[in-house]
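Asker: next one to model:
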Amino acid sequence: MLPWSRVLRPLAALLLAAAVALVPATAATAATAAPTADARPGSGWNDYTCKPSAAHPRPVVLVHGTFGNSVDNWLGLAPYLKNRGYCVFSLDYGQLPGVPLFHGLGPVEKSAEQLAAHVDKVLAATGATETDLVGHSQGGMMPRYYLKFLGGAAEVNALVGIAPSNHGTTLSGLTRLLPYFPGAEDLLNEHTPALADQVVGSDVLTRLNAGGDTVPGVRYTVLATKYDEVVTPYRGQFLDGPGVRNVLLQDLCPLDLSEHLAIGLFDRIAFHEVTNALDPAHATPTTCASVFG
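Answerer: Residues are numbered from 1 along each chain as shown. Next up is the predicted model:
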């Protein structure tokens, strides 16, 4: 039998390799300098001179997923929203020392504190009293910690989660192997706390979901795909409670084959549903044709 140390390393590598599916493909060819929360891509988001319009009175804050960052995760959705008249902002959170570009790795509680500070900054700059949050993967779950424990419900009108890890993930069953490898969970906790926090049954998720999935005063939308291979089972992404709308993309367009990455990066059917969630009074039906919208 192989020594435990020889088995643990491949298991940890396997878990991290599965989780790295959250990394936008563009990260591999990103600019040499790490993006910052105040980066201003040519598309025009993160423009702190932007003032919300009467049509779209709330700024939108985009919250990236694990291994993502404030630019790469939003090269599709940020311009899509900006071109429709929204003031759009994004942030980097969950940075680990010595790890550039790939963020969302720190403890969920600390990341939620960073989000709270960023929302305050956006509200101060825009003069708005509330914001809307749109997050991918961990970015759709972590804001719920801010809403529930850090007073975020007073500053947030709506949370839209795109493939969010609301009730954790089994990583297609891989996390069920952890008990058979002593020390594996400690390894995840030590080196990538956010991954450990997103495993089904983690302490963070247990506290977050105790007493109900939602808090009063916030509208929740969850967009999921049945082809998700990272946040599994996909129905664990859905929320229960008042003010919740759970959407399976394949119910809107059976031809949509998006998996965990695609739904957040370039799926315009999902993007159309995001705009519906941000402005329900002017929502229009989402169909397969929405890809051309």
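Asker: shaky segments in the protein?
Answerer: Along the chain, segments meeting pLDDT under 70 span 1-43, 172-190.
Asker: which parts of it are strands?
Answerer: Taking DSSP state E as the criterion, the chain carries its strands at 60-63, 88-91, 131-136, 156-162, 219-224, 244-248.
Asker: reformat those strands as a markdown table; add distance to Gly76 and mean neighbour count.
Answerer: Glycine gets a C-beta too; all of them are placed from N, C-alpha and C. Output for those, formatted as a markdown table (distance: least, C-beta to C-beta, whole Å; neighbours: other C-beta atoms under 10 Å):
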| stretch | distance to Gly76 | mean neighbour count |
| --- | --- | --- |
| strand 60-63 | 11 | 28 |
| strand 88-91 | 12 | 26 |
| strand 131-136 | 11 | 27 |
| strand 156-162 | 11 | 26 |
| strand 219-224 | 14 | 24 |
| strand 244-248 | 18 | 17 |
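Asker: could those go into CSV alongside distance to Asp267?
Answerer: Listed next are the strands of the chain as CSV, based on distance: least, C-beta to C-beta, whole Å:
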stretch, distance to Asp267
strand 60-63, 15
strand 88-91, 18
strand 131-136, 11
strand 156-162, 9
strand 219-224, 9
strand 244-248, 12
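Asker: tell me which of those strands lies nearest to Leu261.
Answerer: The closest approach between Leu261 and any of those, judged by C-beta to C-beta, belongs to strand 131-136 at 9.1 Å.
Asker: off-centre distance for the closest one?
Answerer: For strand 131-136, the distance from its own C-alpha centre to the chain's C-alpha centre is 8 Å (C-alpha atoms, centre = their mean, to the nearest Å).
Asker: go on, stretch 249-266?
Answerer: That offset, for stretch 249-266, works out to 15 Å (C-alpha atoms, centre = their mean).
Asker: just the endpoints, please. Distance across that stretch?
Answerer: By C-alpha to C-alpha, to the nearest Å, the extent of stretch 249-266 from end to end equals 14 Å.
Asker: what residues of that stretch count as buried?
Answerer: Buried residues in stretch 249-266, counted by 16 or more other C-beta atoms under 10 Å: 249-250, 252-253, 256, 258-266.
Asker: what's in contact with stretch 225-244?
Answerer: 18-19, 21-22, 137, 140, 161, 163-173, 200, 212-214, 216, 218-222, 224, 246, 248-250, 256-260, 262-263 (C-beta atoms under 8 Å, 6 or more residues apart in numbering).
Asker: that older thread, quick one: closest of the strands of the chain to Lys148.
Answerer: For the strands of the chain, proximity to Lys148 was assessed by C-beta to C-beta; strand 156-162 is nearest, at 11.0 Å.
Asker: got the angle for that closest one vs strand 244-248?
Answerer: 20 degrees (axes from the mean of the first three to the mean of the last three C-alpha atoms, to 10 degrees).
Asker: contacting residues around Val61?
Answerer: So Val61 contacts 89-91, 115, 118-119, 122, 131-134 (C-beta under 8 Å, 6+ apart).
Asker: start to end distance for stretch 117-135?
Answerer: 16 Å.
Asker: give me the contacts around that stretch.
Answerer: 37, 48, 50-52, 57-65, 77, 87, 89, 91, 93, 115, 141-143, 146, 152, 155-162, 164, 274, 278.
Asker: which parts of stretch 118-134 are buried?
Answerer: 118-119, 121-123, 125-126, 128, 130-134.
Asker: pull the most distant pair out of these.
Answerer: Taking C-beta to C-beta, no two of the buried residues of stretch 118-134 sit farther apart than Ala125 and Val134, at 18.1 Å.
Asker: if we can go back for a sec, closest one to Gly104 out of the buried residues of stretch 118-134, please.
Answerer: Checking the buried residues of stretch 118-134 against Gly104 with C-beta to C-beta, the nearest one is His118 at 13.6 Å.
Asker: which stretches of this structure form helices?
Answerer: 4-19, 77-82, 108-126, 138-149, 184-191, 193-197, 203-209, 249-252, 260-265, 268-278 (DSSP state H).
Asker: dump stretch 275-290 to PDB, keeping only the CA atoms.
Answerer: Only the C-alpha atoms of stretch 275-290 are listed here, as PDB (Å, rounded to 0.1, in the frame of the first residue of the first chain):
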ATOM      1  CA  THR A 275     -31.100  41.800 -17.000                       C
ATOM      2  CA  ASN A 276     -34.600  40.400 -16.300                       C
ATOM      3  CA  ALA A 277     -33.600  39.900 -12.700                       C
ATOM      4  CA  LEU A 278     -32.100  43.400 -12.500                       C
ATOM      5  CA  ASP A 279     -35.200  45.000 -14.000                       C
ATOM      6  CA  PRO A 280     -38.100  42.700 -13.600                       C
ATOM      7  CA  ALA A 281     -40.600  45.500 -14.400                       C
ATOM      8  CA  HIS A 282     -39.300  45.400 -18.000                       C
ATOM      9  CA  ALA A 283     -38.500  41.700 -18.300                       C
ATOM     10  CA  THR A 284     -38.900  40.000 -21.600                       C
ATOM     11  CA  PRO A 285     -39.200  36.300 -22.300                       C
ATOM     12  CA  THR A 286     -35.900  34.500 -22.500                       C
ATOM     13  CA  THR A 287     -35.700  31.900 -25.300                       C
ATOM     14  CA  CYS A 288     -33.000  30.300 -27.500                       C
ATOM     15  CA  ALA A 289     -33.200  33.500 -29.600                       C
ATOM     16  CA  SER A 290     -31.900  35.500 -26.700                       C
END
